[in-house]
Each structure stands twice: as structure tokens, then as C-alpha cells.
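# Turn this into a model:
(chains A, B, C and D, ligands or ions: 2)
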Amino acid sequence: MNIAAKKESNALVVTVSGRMDAVTAPEFEKSIAAFIAQGEKAFVINLSGLEYISSAGLRSILASAKRLKEQNGKIIFSGLQGHVKEVFAISGFQGIFKIYDSDAEGLKGI
Amino acid sequence: MNIAAKKESNALVVTVSGRMDAVTAPEFEKSIAAFIAQGEKAFVINLSGLEYISSAGLRSILASAKRLKEQNGKIIFSGLQGHVKEVFAISGFQGIFKIYDSDAEGLKGI
Amino acid sequence: MSSTGRVKMPAVLENLQAITECVTAAASSAGFSARRIGDMELALEEAVTNVFKYANPGNPGEIEVACASGGGKFSIEIRDSGQEFDITKLPDPDLSQDISERPIGGLGAYLIKKIADDVNYRRLSGFNVLTLVFNLEIKK
Amino acid sequence: MSSTGRVKMPAVLENLQAITECVTAAASSAGFSARRIGDMELALEEAVTNVFKYANPGNPGEIEVACASGGGKFSIEIRDSGQEFDITKLPDPDLSQDISERPIGGLGAYLIKKIADDVNYRRLSGFNVLTLVFNLEIKK
Ligand SMILES: Nc1ncnc2c1ncn2[C@@H]1O[C@H](COP(=O)(O)OP(=O)(O)O)[C@@H](O)[C@H]1O
Ligand SMILES: Nc1ncnc2c1ncn2[C@@H]1O[C@H](COP(=O)(O)OP(=O)(O)O)[C@@H](O)[C@H]1O
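Ligands and ions are numbered 1, 2, ... in the order given. Have a look, this model is predicted:
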């Protein structure tokens, strides 16, 4: 898994690529927690380069979203592909998160 | 396996990276044969990015060298690393081929 | 002709990748698409991480994963000697709850059931034996 | 605790990667370095491609590869039902010949013998059983 962040005017765009599995998912949660500690409150998570996600990944996404919600923050997603899209659909994450095709649309919608 | 070629004044530098195994090695032999057919007679084979070689790789190297020898051509090697260096040593290829640290030295020595 | 694979290892997270690679390599040689192999990988990860996390509280046990292709199907059998537990009996999670209400976790078994074409559990002389079946043709 | 792996597949080049990945995954979980795993991969490739090429002239048979770690060693057992052939009996190649004299091929068995810490062949009820052993400590 690789995590890269880019500050935009109204949100932090975090691009996650590779695999989010039981081994790597905790890193994602830690990164988001660190950004929140630095004062970030709005996140666009770009998953266009994410090839694989398991329930461990969903777990760290939901934990991050709960933490943000408590602080009136926001987290939305962009660029979901094949397998990741399917897992978001099956697990109902498609219904509880805002999902956009691109970062630009996400930044407008946030 | 990835093969890239660059024409220098006195030789063609062919950079081979990745893996040269029973599945991929025949591609190397085919590429060299095609370059010979195009009139190339002197080759510096840069193996600095080659991670793995098996006897199938040695086979296609020796076959290429024999073809070149018949036509008074030349083939030398540069940049061998760890595993590849070890396989060249065990198989005696270190003794029958000229091996240089860099392409520049190879181009001088050819 | 059929292809089979089998691994037996300590049931710890460090072995997730080794177990997964054996199974996906066999599935790939059986002719499944990369996409469907990703599905299998997911169901397998969910099943084996549950064994890592819950089957042997206190000290890690062993896990054995066997896979076989044949007859247009590919089956993965996960066997552990931990406490008896049948994931097929778990109720489905409530997917309508929003972010604050929704419990963290509880999706693993559900993903397995949704993704595999067939899921079968047996308790066999002290072992949990979970079998996941994937049809060679794309599901549905 | 020990780790074991086993694959049984049609003995064709298309399965080289699947066989290799199972063994290297198990070796990696057994704690070998990437470099030593590369050595194993080489010895394994040489042994299985010989089975693919020579064991069953005409129609491909099956190959079974089993590996196990334990006692500071990792062993790989390659089993096929092809014609009886003992690579440990092959004479070493002449490494002093120059490019024009040197025959193409004949290095596979030699590489196996040089790289594995121990090589053992048995003919067992119609099967060739070749065992390659690697010590956990770096050789020599
Ligand atoms: N092998 C097992 N042994 C004992 N309990 C288990 C086992 N597998 C799952 N469970 C129980 O079932 C619950 C649901 O499992 P699962 O759907 O995979 O989600 P999660 O592991 O994220 O909670 C777990 O929280 C655990 O309490
Ligand atoms: N499993 C086998 N069955 C029959 N003959 C074999 C087998 N393995 C190797 N041989 C014979 O031994 C020779 C040397 O094998 P090897 O050292 O691996 O080199 P290569 O395969 O490149 O010739 C082969 O050319 C072949 O004639």
C-alpha cells in the first residue's frame, strides 16, 4: 500500500494505491489519524490505484470516518475501480459514503 | 523481462531487466537474432537490472554468442549483480565472456 | 487434469501472504481471471484472518489450506483445530445503519458468503473445516 | 512450528510460476532471505523444467512438489511418474571450453547440485523423487 497526500483549498486529497489488506490496512488508519491530529478535517480519498481491499480495509475506513464525524469532519471517496467498487457495494459502504468519479467532483461535493 | 536497446558508436547496448527464466529467456535470444539480422555485430549486454537468471537464460545467451562468433561479431556483459553474478560464476560463463562493471568500460573494451 | 495445492502453517498474520500466494497461483493455473482470483483472495483472507484472530485465544495454532480445481470448480478448504465456530450461522450485518451507528467489523463472514459460489462448514474430529467453492464461469 | 506446502499439477511450463510461488511463499514464511529464496527458485526451476521437458516424452504427466521447513532446514521434494532418471548421476559439465566448443545446455543439473545444500534421488514405486535441501544458515 502506498499513501500520498496533497493539500487542496478545501480538503486534503489522500491517494491510496496498491493493496489494503489485514497487513497494510492499519497504516491507512494511522495516516488519517495523524492528518486529523495536524488539523485536517475534510478528506477526499482517491482509490483509483487501489487494486484490492478486504474487510480489514473497510474496518480502518469506518474507524477513520467515525473519528472524523465526532469532530464534524468529512470524508468522501473518488475513483473506485472494479474489485474495490464491488466490495464497497456488497458491504453497503456505497450507501453510507459519498463517492465521486474524480477528485475534482469530490472537492466540489465535499 | 524487459529488453531495451541503445545504439552507441561501436556497439549496441542492450539492457535486460527483470527475470530471465524458462518462460522468458527465448525472447532474449529472439531479440538478439533480430538485431543481428539488422546488421548489428557488437553487443554490450547490460544486466544491472536483471534479478534472476536460470539455465534457460544461460542457454539463450550462449546460443546468441555462438551465432555472433560465426559472423565474427562480439558480445560482452556489464553490471552483473548478486544472483546473476553467482550463476555466471558457477556455470563458468565468467571465464568465457568478458564482463565489465559499466557500459562505458564495456564499450572501451569491446 | 486437475491442479491441487496444500499449505500447513502456524496460524499467524505473518503467513497470510504465503497462504494466499499458493492458492492464487493454483487458481491462476486453473484458468480463472485476475478479477475472479481477486475475489478468491478476499474470501480466503477473511476466512484465514478469522482463524488467526479468534480460533485459538491465547496461543496461535496451525492452519491448513488445501485447494483443488476440477469439474469446472475450484474449491478452497480451510482447516483449523481451534474452538468450534460456524461462520455460515452468523446473521447478516445491518447495512442500512449510517456511519455513527454502524459497528466496526462484522463484514468478513458476510463478504465470504456473498463472494463465494458456495460455502460449507463442518466440524470434523476436532477440526473446523470451511470449504469455499468458486465456479469457473463468472457468478450470476 | 513447521510450515509445509504441496502442489500437484500437470507437468507443463505454464505451471512453472504457480509451483514456484507456492514454494517461495513457504520459504519466505520459514524465514529465508530474499537472496537464498532466489537460489531455491533457481534449483526448483531447473528440476521441474527437466520434468516438463524430459520425463514424459509425448504426453505431459503430472508433477507434485512438496516443501517443508523444520529443524533449521527447508526441503523441497519433486515427484513425477515419468521415466526413471537420476540427475545426481550426471557427470559435471566441462566449464573450460570456450564459446564455440561449449555445448548448449547441460547446466541445469549442475546448478542444482552447486546451489542446494543437499540433493537426493530415489525411485519409489514408479516415481522419481528428487529432494533438495537448503540449510537456514547461508551455505559455506
Ligand atoms: N474462527 C472463529 N472462531 C471464533 N469466533 C469467530 C471465528 N470467526 C469469526 N468469529 C466471530 O464472528 C464475528 C464476525 O466475524 P467477521 O464477520 O469475520 O467480522 P470481524 O472479524 O471483522 O468481526 C467475529 O467478530 C468473531 O466474534
Ligand atoms: N527428468 C529427466 N528425465 C530424462 N532425462 C533427463 C531428465 N532430466 C534431465 N535429463 C537429461 O539430462 C540432460 C542434462 O540436463 P540438464 O543438466 O538439466 O540440462 P539441459 O536440460 O539444459 O540439457 C538433459 O539434456 C536430458 O537429456
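# what separates stretch C:19-27 from the chain centre, distance-wise?
Distance of stretch C:19-27 from the chain centroid (CA atoms, centre = their mean, to the nearest Å) equals 12 Å.
# Run through the residues that contact the closest residue to chain A within chain C.
Per CB to the nearest CB, the residue of chain C with the smallest distance to chain A is C:Leu95, at 3.0 Å. Just so you know, the C-beta spots here come from the backbone N, C-alpha and C atoms, and that holds for glycine as well. By CB atoms under 8 Å, 6 or more residues apart in numbering or on different chains, the contact list for C:Leu95 reads A:Ser91, A:Gly92, A:Gly95.
# How about C:Gly61?
C:Pro10, C:Ala11, C:Ala55, C:Asp80, C:Ser81, C:Gly82.
# anything in the helix ranked longest in chain C near chain A?
If you go by DSSP state H, chain C has its longest helix at helix C:34-50. Yes - interface with chain A: helix C:34-50 contributes C:Arg35, C:Gly38, C:Asp39, C:Glu41, C:Leu42, C:Glu45, C:Glu46, C:Thr49 (CB under 8 Å from any CB of the partner chain).
# Who wins on neighbours among those?
Within those, neighbour counts (other CB atoms under 10 Å in any protein chain shown) peak at C:Leu42, which reaches 26 neighbours.
# buried residues in stretch C:94-108?
C:Arg102, C:Gly106, C:Leu107, C:Gly108 (16 or more other CB atoms under 10 Å in any protein chain shown).
# wait, isn't A:Val16 in contact with A:Ile45?
Yes - using CB atoms under 8 Å, A:Val16 is in contact with A:Ile45, at 6.4 Å.
# Now narrow the residues of helix C:34-50 next to chain A to whatever sits close to chain B.
The subset of the residues of helix C:34-50 next to chain A lying close to chain B, counting by CB under 8 Å from any CB, is empty.
# Turn these into a markdown table, including pLDDT.
Formatted as a markdown table, the residues of helix C:34-50 next to chain A follow (pLDDT from 0 to 100):
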| residue | pLDDT |
| --- | --- |
| C:Arg35 | 92 |
| C:Gly38 | 95 |
| C:Asp39 | 95 |
| C:Glu41 | 97 |
| C:Leu42 | 98 |
| C:Glu45 | 98 |
| C:Glu46 | 98 |
| C:Thr49 | 98 |
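# For stretch A:74-85, buried residues please.
Here stretch A:74-85 shows A:Lys74, A:Ile75, A:Ile76, A:Phe77, A:Ser78, A:Gly79, A:Leu80, A:His83, A:Val84 as buried, counting by 16+ other CB under 10 Å.
# okay if I get those as JSON lines plus pLDDT and secondary structure?
What follows is the buried residues of stretch A:74-85, written out as JSON lines (pLDDT from 0 to 100; DSSP: H, G, I helix; E, B strand; the rest coil):
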{"residue": "A:Lys74", "pLDDT": "96", "secondary structure": "strand"}
{"residue": "A:Ile75", "pLDDT": "98", "secondary structure": "strand"}
{"residue": "A:Ile76", "pLDDT": "97", "secondary structure": "strand"}
{"residue": "A:Phe77", "pLDDT": "98", "secondary structure": "strand"}
{"residue": "A:Ser78", "pLDDT": "98", "secondary structure": "strand"}
{"residue": "A:Gly79", "pLDDT": "97", "secondary structure": "coil"}
{"residue": "A:Leu80", "pLDDT": "98", "secondary structure": "coil"}
{"residue": "A:His83", "pLDDT": "96", "secondary structure": "helix"}
{"residue": "A:Val84", "pLDDT": "97", "secondary structure": "helix"}
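# Out of those residues, flag the one nearest to B:Ser102.
Nearest to B:Ser102 among the buried residues of stretch A:74-85: A:Gly79, at 42.1 Å, using CB to CB.
# Excluding residues flanking it in the chain, which one is nearest the closest one?
Excluding the flanking residues, the one nearest A:Gly79 by CB to CB, 6 or more residues apart in numbering or on different chains is A:Ser48, at 3.1 Å.
# The one you found falls within a strand, correct?
No - if the criterion is DSSP: H, G, I helix; E, B strand; the rest coil, then A:Ser48 is coil and not within a strand.
# so it makes contact with A:Phe77?
No - with contact defined as CB under 8 Å, A:Ser48 does not count as touching A:Phe77 (10.0 Å).
# Can you tell me how far A:Lys66 is from A:Pro26?
16 Å (CB to CB, to the nearest Å).
# before we move on, the earlier item: so which other helices or strands are in contact with the longest helix of chain C?
strand A:50-53, helix A:55-70, helix A:82-90, helix C:16-29, strand C:62-70, strand C:73-80, helix C:108-115, strand C:127-135 (3 or more CB pairs under 8 Å, 6 or more residues apart in numbering or on different chains; DSSP states H and E).
# Save these as a markdown table, and put in distance to chain B too.
As requested, the helices and strands packed on helix C:34-50 are arranged in a markdown table below (distance: least, CB to the nearest CB, whole Å):
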| stretch | distance to chain B |
| --- | --- |
| strand A:50-53 | 20 |
| helix A:55-70 | 30 |
| helix A:82-90 | 26 |
| helix C:16-29 | 13 |
| strand C:62-70 | 21 |
| strand C:73-80 | 23 |
| helix C:108-115 | 31 |
| strand C:127-135 | 26 |
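# Of all these, which one comes closest to C:Ser2?
It's strand C:62-70; of the helices and strands packed on helix C:34-50, that one is closest to C:Ser2 (CB to CB) at 3.8 Å.
# That closest one close to chain A?
No - interface with chain A: strand C:62-70 contributes nothing (CB under 8 Å from any CB), its closest point being 13.7 Å away.
# quick one: is that strand near ligand 1?
No - contact of strand C:62-70 with ligand 1 (CB under 6 Å from any ligand atom) is absent, the minimum separation being 10.2 Å.
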